[in-house]
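**Q** I would like to see how this sequence folds:
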Amino acid sequence: MKKLIATAVMTAASLSTVAIAADDDRPEWLFVQSGDGIQLVDETMLVIPLEREIFAFTDRPARDHRYLNAHEFVAVWNDGEDSFGDDPPNAVLTWIENGGVQELEVELLDAKVVSHGRAIQYEIAIEEADVLAEAGQDAALYIDGLCWAVYIGYPC
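**A** Residues are numbered from 1 along each chain as shown. Got it, this is the predicted structure:
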């Protein structure tokens with residue numbers, strides 16, 4: 001469990017540099033989804049149950065955070081300019097397998113709510129040559145930034 005927490009902290013820190021590197025004053029939102037496991041439907045489809053709501057946060061200077069349910073988060077894919085549908089995000093998926101923390105870089109091509117709002121199904125492209133297990137425990141998905149400002153009142 002300590003390895004999972006350390007991996008989570010290091011991954012979140014590396015993703016937060018995306019917000020720092022923005023060349024304008026628009027806040028960039030990063031997202032974290034955690035679940036009790038993962039299920040690989042096929043080589044391009046991944047399902048992660050929602051353990052809690054999805055945590056969205058910004059970095060300096062406009063520090064803010066929100067909790068999103070599955071429907072609110074999936075709406076980010078196709079709503080407005082500069083949506084995830086226009087520019088699919090990169091993400092790091094971590095999970096426990098055979099007693100160790102595993103991680104995989106993926107691109108999230110699409111997302112939809114499944115299981116009556118209790119899970120999100122992602123269409124993915126694996127960024128590395130690693131193979132994703134068919135199932136794993138204690139999953140966390142750390143999702144790249146998005147100027148999500150139009151949804152919460154910041155100018156974008």
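
**Q** Helices of the chain, start to end?
**A** Here the chain has its helices, by DSSP state H, at 2-20, 70-75.

**Q** If I average pLDDT within each of these, which one is lowest?
**A** When those are ranked by mean pLDDT, helix 2-20 comes last with a mean of 44.

**Q** Return the set of buried residues in stretch 106-117.
**A** 106, 108, 110-111, 113-114 (16 or more other Cβ atoms under 10 Å). The C-beta positions use only the backbone N, C-alpha and C, and glycine is treated the same way.

**Q** Could I get the phi/psi values of Asn98?
**A** Note on Asn98: its backbone torsions stand at phi 50, psi 40 [degrees, to the nearest 10].

**Q** quick one: the strands in this protein?
**A** Applying DSSP state E to the chain gives strands spanning 29-42, 45-49, 54-58, 65-68, 90-97, 100-114, 119-126, 135-146.

**Q** and Asp82, which of those strands is closest to it?
**A** Ranking those by proximity to Asp82 (Cβ to Cβ) places strand 135-146 first, at 7.1 Å.
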